[in-house]
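Chemist: Structure of the sequence below:
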Amino acid sequence: MPNCKSKSCKCCSKRYVSCGIDKKGKCLDVCTDPICGDPDCLTVLTPVVYDELGINLCRNIPMEAPVTNVDSISVQVMDICFETYGETAVTAEPISGRPNCYLVTLTNLQVVFFVTFYDCAKRVLATQVVTANYLPANETSPEYEYMDEDTNPTSVELEIYAPYGVAHANEPCLPAIVHVIGFGCDNTALSQGLNLIAIPKVLNFDPEECMATIGLSVILKSVYFSQYKIPHSGKAVVPKACTRPTDDTICLDFVCGDLLDLAIKPLELGPPKYEETLKDSCDVPCDPCCCASSGSQCSPPPAQPTEND
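Modeler: Predicted coordinates:
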């Protein structure tokens, strides 16, 4: 805050603007007159995958069919639950002497599947949530009988490059957070740091035994949000769904017309255009409508040249 030299001085906070605002030539203030059209380049803040690696797991999962005449199933991974403390916890530790890489240990993954049951004509009969334990840590772990050293071992260790570190929970010992991306109500978003995704495949389903063999690709990613400049190839056009209304109204004209889109283009930051500098406060004539409503005195805007002038 600046220091006041008199009691009549009104102190205000410092105002910052983009460096290099051009005071020469034609004045253009995007704060009052935004630029429409398409940019040549876009400045985007986007999640960037710095490293990723995955493994394949497989096991049999017994089920209880909620209906009869089931012929086949499909599955989605809704969530993956695991412990963050103790001997059977999922951990992410920096590698000694190699601080840009982490060793992630996966074990006791409680995978929550959303299962859809079909008949022989592929009609949906019922849905069900089924939980199965992959990578059972020891004999006390749930469903340890499905442990297999080749296809479903007790644990795996993944080495991943994560130069900006990982997220940590605000809990005792500050455990590292491994974000799970699935089809649950609160895990569909990508997060900064370590992300875990599981892609399932039904390898076999026995309707008589109601036993499914489900393979699981478990993929670990290190993701950070970073700003990049990318070429612009035009806006994506959204396909418009059509209706068949009967009344001829302005609403009908709008409904049958084109989809709305954003017309103002983002500023092209940096070279070659440096449009972040186009925030110069310009002397713009008052709109006569503004004068009438406010009662202020305004000079009329300058006459616009025509083809006959």
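Chemist: just the strands in the stretch 151-300 of the chain please.
Modeler: 156-161, 178-181, 193-206, 211-231 (DSSP state E, counting those that start in this stretch).
Chemist: contacting residues around the nearest residue to residue 135 once chain neighbours are set aside?
Modeler: Leaving aside its sequence neighbours, residue 135 sits nearest to residue 107 (Cβ to Cβ, 6 or more residues apart in numbering; 4.9 Å). For glycine as for every other residue, the C-beta is placed from the backbone atoms N, C-alpha and C. Listed by Cβ atoms under 8 Å, 6 or more residues apart in numbering, the contact partners of residue 107 are 82, 88-90, 135-137, 154-156.
Chemist: Tell me the spacing between residue 107 and residue 263.
Modeler: Relative to residue 263, residue 107 is positioned 53 Å away (Cβ to Cβ, to the nearest Å).
Chemist: quick revisit: could the strands of the stretch 151-300 of the chain go into JSON lines alongside mean neighbour count, mean pLDDT and distance to residue 17?
Modeler: As requested, those are arranged in JSON lines below (neighbours: other Cβ atoms under 10 Å; pLDDT from 0 to 100; distance: least, Cβ to Cβ, whole Å):
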{"stretch": "strand 156-161", "mean neighbour count": "15", "mean pLDDT": "96", "distance to residue 17": "39"}
{"stretch": "strand 178-181", "mean neighbour count": "20", "mean pLDDT": "97", "distance to residue 17": "37"}
{"stretch": "strand 193-206", "mean neighbour count": "17", "mean pLDDT": "95", "distance to residue 17": "34"}
{"stretch": "strand 211-231", "mean neighbour count": "16", "mean pLDDT": "94", "distance to residue 17": "20"}
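Chemist: any chance of those in TSV, with distance to residue 281 too?
Modeler: Output for the strands of the stretch 151-300 of the chain, formatted as TSV (distance: least, Cβ to Cβ, whole Å):
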stretch	distance to residue 281
strand 156-161	47
strand 178-181	44
strand 193-206	42
strand 211-231	27
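Chemist: wait, which of those strands is closest to residue 119?
Modeler: Comparison of the strands of the stretch 151-300 of the chain against residue 119 by Cβ to Cβ identifies strand 193-206 as nearest, at 12.9 Å.
Chemist: which residues are in contact with the closest one?
Modeler: 58, 72-77, 80, 92, 102, 104, 106, 111, 113, 160, 162, 165-167, 176-182, 211-224.
Chemist: Low-confidence stretches in the stretch 201-309 of the chain?
Modeler: 242-248, 252, 254-255, 259, 261-262, 283-309 (pLDDT under 70).
Chemist: tell me, what residue is most central in this protein?
Modeler: Closest to where the C-alpha atoms of the chain average out (Cα atoms, centre = their mean) is residue 190, at 4.7 Å.
Chemist: Which member of the contacts of residue 107 is positioned nearest residue 269?
Modeler: Using Cβ to Cβ, the contacts of residue 107 come closest to residue 269 at residue 90, 40.0 Å.
Chemist: so what's that closest one closest to, chain neighbours aside?
Modeler: residue 82 (4.4 Å).
Chemist: can you pull out the helices in the stretch 151-300 of the chain?
Modeler: 250-256, 288-294 (DSSP state H, counting those that start in this stretch).
Chemist: buried residues in stretch 56-70?
Modeler: 57-61, 63, 70 (16 or more other Cβ atoms under 10 Å).
Chemist: Residue 258: which of those residues is nearest?
Modeler: Checking the buried residues of stretch 56-70 one by one against residue 258 (Cβ to Cβ), the nearest turns out to be residue 70, at 46.5 Å.
Chemist: residues in contact with the closest one?
Modeler: Neighbours of residue 70 in contact, by Cβ under 8 Å, 6+ apart: 117-119, 125, 207, 210.
Chemist: wait, which of these is closest to residue 145?
Modeler: residue 210 (17.2 Å).
Chemist: ok, the closest one - contacts?
Modeler: Residues near residue 210 by Cβ under 8 Å, 6+ apart: 62-65, 70.
Chemist: Tell me the pLDDT of the residue nearest to residue 135.
Modeler: Here the pLDDT value assigned to residue 107 is 96.
Chemist: likewise residue 89?
Modeler: pLDDT at residue 89 comes out at 94.
Chemist: Fine by me, we can end here.
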